[in-house]
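Student: Next input, structure requested:
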Amino acid sequence: MKTVLITGANKGVGFETARQLLRQGYYVYLGSRNLENGLKALEMLKEEGLENAEAIQLNVTDSVSVQAARLAIGEKTQVLDVLINNAGINGGLPQSALEANMDQFREVFDTNLYGVVRVTQAFIDLLRNSPQPRIVNVSSSGCSLTLHSDPGWKYYSHKAAVYPASKAALNMFTITLAYELRGTPFKVNAVCPGFVATDFNGHRGTGTAEEGGMRIARYAMIGEEGPTGQFFSEEYNPETGVTPW
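Tutor: This next block holds a predicted model:
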């Protein structure tokens, strides 16, 4: 049975991704900053008959928490097949380039970029033990430099200084990570779940969390001929998902 760790899995897109992968026969570790919330999510899944899961306390902004999660999972398995770096925050609004303060930038980057680095580096040894390791970094088409530079893009006027910058930096980390792991069985990609209605955006999204979870799960399950070092948004590009950086 393949194993997967999902950060921020107690609600929203992370929770739906867990549900999708459980249905596909994966064993899922539900990473949750607050363990109580993780246990509640676990109970919801078990009520649906999805038993192969457990909650793990994991705060991606806390190195001690990340290492404790690594030790806890390492005591249960020596192989992690999939890492989904889903935990993220939006930083609140407004996010003016001239008025956003340094605390906003630090807080958002600490979760959306540094948190991904912490978790990836902590679990890379278990991932290397998998015959087909996969890393999915949950990104956003709204961080595309190409799209945000195009006056013809439908969201061109939707500018924010903090959150998109953190995800653009995450995309660069994804590219570099995929490059460093080239020539190995790893597949590393950035995936946008789409503008889906969750707590993250005050439920203003036009899609469902289930749709977002399905999109992320799809790239967690790609085969050996699948892509690596790419950026996908099926909402932006329904045909291939390929999205400009």
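Student: And the nearest residue to Gly229 once chain neighbours are set aside, how far from Glu239?
Tutor: Residue nearest to Gly229 in three dimensions, not counting chain neighbours: Ala178, with 3.2 Å by CB to CB, 6 or more residues apart in numbering. Where you see a C-beta, it was placed from the backbone N, CA and C, and this is true even at glycine. From Ala178 across to Glu239, the span is 22 Å (CB to CB, to the nearest Å).
Student: Between the two, tell me which one has more neighbours.
Tutor: Ala178 (20 against 6; other CB atoms under 10 Å).
Student: Mind giving me the packing neighbours of the longest helix along the chain?
Tutor: Longest helix in the chain by number of residues, with DSSP state H as the criterion: helix 163-180. For helix 163-180, the elements it packs on are helix 102-109, helix 115-128, strand 134-138, strand 187-192, judged by 3 or more CB pairs under 8 Å, 6 or more residues apart in numbering; DSSP states H and E.
Student: Please produce JSON lines containing these, extended by mean neighbour count and distance to Ala160.
Tutor: Shown next, in JSON lines, are the helices and strands packed on helix 163-180 (neighbours: other CB atoms under 10 Å; distance: least, CB to CB, whole Å):
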{"stretch": "helix 102-109", "mean neighbour count": "15", "distance to Ala160": "10"}
{"stretch": "helix 115-128", "mean neighbour count": "19", "distance to Ala160": "19"}
{"stretch": "strand 134-138", "mean neighbour count": "26", "distance to Ala160": "17"}
{"stretch": "strand 187-192", "mean neighbour count": "26", "distance to Ala160": "16"}
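Student: List just the one of those that sits closest to Ser149.
Tutor: Of all the helices and strands packed on helix 163-180, strand 187-192 sits nearest to Ser149, with 17.5 Å by CB to CB.
Student: Just the mean pLDDT for the helix or strand following that closest one, thanks.
Tutor: Moving toward the C-terminus from strand 187-192, the next helix or strand (DSSP states H and E) is helix 209-220. Over the span of helix 209-220, the pLDDT mean works out to 94.
Student: residues making contact with helix 209-220?
Tutor: Applying CB atoms under 8 Å, 6 or more residues apart in numbering, the contact partners of helix 209-220 are 4, 12-21, 24, 82, 84, 86, 134, 136, 138, 187, 189, 191-194, 196-198, 226, 232, 234.
Student: which stretches of this structure have low pLDDT?
Tutor: The model of the chain has pLDDT under 70 over residues 197-207.
Student: which residues sit against the helix or strand hosting Gly38?
Tutor: Assessed by DSSP H and E, Gly38 sits inside helix 35-47. The contact list for helix 35-47 (CB under 8 Å, 6+ apart) reads 9-11, 15, 18-19, 22, 30-32, 53-57.
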